[in-house]
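Chemist: here's a sequence, model it:
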Amino acid sequence: MSEPRSIAFLGIGLMGHRMVTRLLAAGHSLTVWNRTPGKARAFADRARVASHPGEAVAGADLVITMLENGDAVEQVLMQPDVLGALSPGATVVDMSSISPAMARSHGVRLASYGVQYLDAPVSGGTLGAEQGRLSIMAGGDPVHLARVEPVLQGLGGVIRVGPVGAGQLAKLANQAIVACNIAAVAEALLLAQRGGADPVAVREALLGGFAGSRVLELHGQRMLARDFTPGAPARIQLKDLNMILAEAEAGGLTLPMSRQALKAFNNLVEQGHGELDHSSLLLELERLNPVPGEPGPENS
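Modeler: The predicted structure follows:
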């Protein structure tokens, strides 16, 4: 089974830029496209830059999409002129975070064009993308995955989690854990700091015990440094939480922790912090718990 020779990459955002950089460094031949042309032109010296997504996918063995949400995937990939430009036998790997139902619908539609499909969202943020340490959760036919896995392994670890749509289910599970963990870390550090402990030392102590986690390690440090430069913007976390609760409702499930996280992130975004990193949830807790003498939520 031959490895793809020509790759089209659609979506050069925070994650996509770093992923394209790694693919080019691995020696792959890429055509890139982005809705904001300047982001794609940054690779003009190393890749072919397309002016339209249909131009990008034409002749490609592998098409990778890394777009902001399901609406963007619909508007970019699932348009008749783009679908018609796809080569029969090509593989589309959608690494965006969209709903499982949408992923299944896209798989059926692409199959009618003779195109293979995998939903393969990722976790690991911009640092994981930069280091090639993403966790890639793939849904789809194992034969289709085997064909493109050598390419994807340059971006991180690849695990097949089930049929088409299962990758997005795994990503929702990931985002539920991340959101609740961020909330717990923010509460814990605020509790320590307001009680008179050194939050820097508390974090260091907790990393060695059962409370240790990737979120405490990375996002806990972001909170201490108050560095909320976006790796994953809060509005994207909110989008994912809305999908989690919609999927739960469709399955007759009650997820109280995710619902509480949704409320907290919704408030954070409503306060104008949607473009900050999701670790900025600390700001919402501080808003709810003002220092004596400072205005509370009702006055802010």
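
Chemist: in terms of helices and strands, where is the residue lying closest to F43 once chain neighbours are set aside?
Modeler: The shortest distance from F43 to any non-neighbouring residue, by CB to CB, 6 or more residues apart in numbering, is to V32 (5.3 Å). Placement of C-beta: from N, CA and C, glycine included. Element membership of V32 [criterion: DSSP states H and E] is strand 29-33.

Chemist: can I get that strand in PDB? Just the C-alpha atoms.
Modeler: Only the C-alpha atoms of strand 29-33 are listed here, as PDB (Å, rounded to 0.1, in the frame of the first residue of the first chain):
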ATOM      1  CA  SER A  29       5.000  17.700  -1.000                       C
ATOM      2  CA  LEU A  30       2.200  20.100   0.000                       C
ATOM      3  CA  THR A  31      -0.300  22.400  -1.500                       C
ATOM      4  CA  VAL A  32      -1.800  24.700   1.200                       C
ATOM      5  CA  TRP A  33      -4.800  26.900   1.300                       C
END
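
Chemist: circling back to that earlier point, what's across from the residue nearest to F43 in the sheet?
Modeler: Taking DSSP bridges as the rule, V32 bridges to F9, V49.

Chemist: run a quick neighbour tally on it.
Modeler: For V32, the neighbour count with other CB atoms under 10 Å is 28.

Chemist: what's the separation between it and V57?
Modeler: For V32, the distance to V57 equals 11 Å [CB to CB, to the nearest Å].

Chemist: wait, L255 sits on I244?
Modeler: Yes: the pair formed by L255 and I244 meets the contact definition of CB atoms under 8 Å, at 6.9 Å.

Chemist: pick out whichever of those two has more residues nearby.
Modeler: Counted by other CB under 10 Å, L255 and I244 do not tie: I244 has more neighbours, with 25 against 18.

Chemist: so that one is in which element?
Modeler: Assigned by DSSP H and E, I244 falls in helix 234-250.

Chemist: tell me the helix or strand right after the biggest helix by length in the chain.
Modeler: Taking DSSP state H as the criterion, the chain has its longest helix at helix 166-195. On the C-terminal side of helix 166-195, the closest following helix or strand by DSSP H and E is helix 199-207.

Chemist: which strands and helices lie in contact with that next one?
Modeler: For helix 199-207, the packing partners by 3 or more CB pairs under 8 Å, 6 or more residues apart in numbering; DSSP states H and E come out as helix 166-195, helix 220-225.

Chemist: burial count for L206?
Modeler: 19.

Chemist: ok, it - contacts?
Modeler: Residues counted as contacts of L206 (CB atoms under 8 Å, 6 or more residues apart in numbering) are 188, 212, 216.

Chemist: how about those residues in CSV, adding neighbour count?
Modeler: Listed next are the contacts of L206 as CSV, based on neighbours: other CB atoms under 10 Å:
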residue, neighbour count
A188, 18
G212, 14
L216, 21
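
Chemist: need these in JSON lines with pLDDT and distance to G274, can you?
Modeler: Formatted as JSON lines, these follow (pLDDT from 0 to 100; distance: CB to CB, whole Å):
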{"residue": "A188", "pLDDT": "98", "distance to G274": "24"}
{"residue": "G212", "pLDDT": "96", "distance to G274": "29"}
{"residue": "L216", "pLDDT": "98", "distance to G274": "24"}
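
Chemist: mutual contacts of L255 and I244, please.
Modeler: With CB under 8 Å, 6+ apart, L255 and I244 have common neighbours A176.

Chemist: poorly predicted segments of the stretch 1-150 of the chain, please.
Modeler: 1-3 (pLDDT under 70).

Chemist: so the residue nearest to P163 when sequence neighbours are not counted bridges to which residues?
Modeler: Spatially, and ignoring its direct neighbours in sequence, P163 is nearest to G139 (5.9 Å; CB to CB, 6+ apart). Applying DSSP bridges to G139 gives these bridge partners: D119, G162.

Chemist: related to what we said a few turns ago, report the buried residues of the longest helix of the chain.
Modeler: 166-172, 174-186, 188-190, 192-193 (16 or more other CB atoms under 10 Å).

Chemist: contacts for whichever strand or helix holds V143 next, please.
Modeler: Using DSSP H and E, V143 maps to helix 142-152. Residues outside helix 142-152 that contact it (CB under 8 Å, 6+ apart): 1-4, 7, 23, 28, 62, 91, 93, 116-118, 120, 136, 138, 158, 160.
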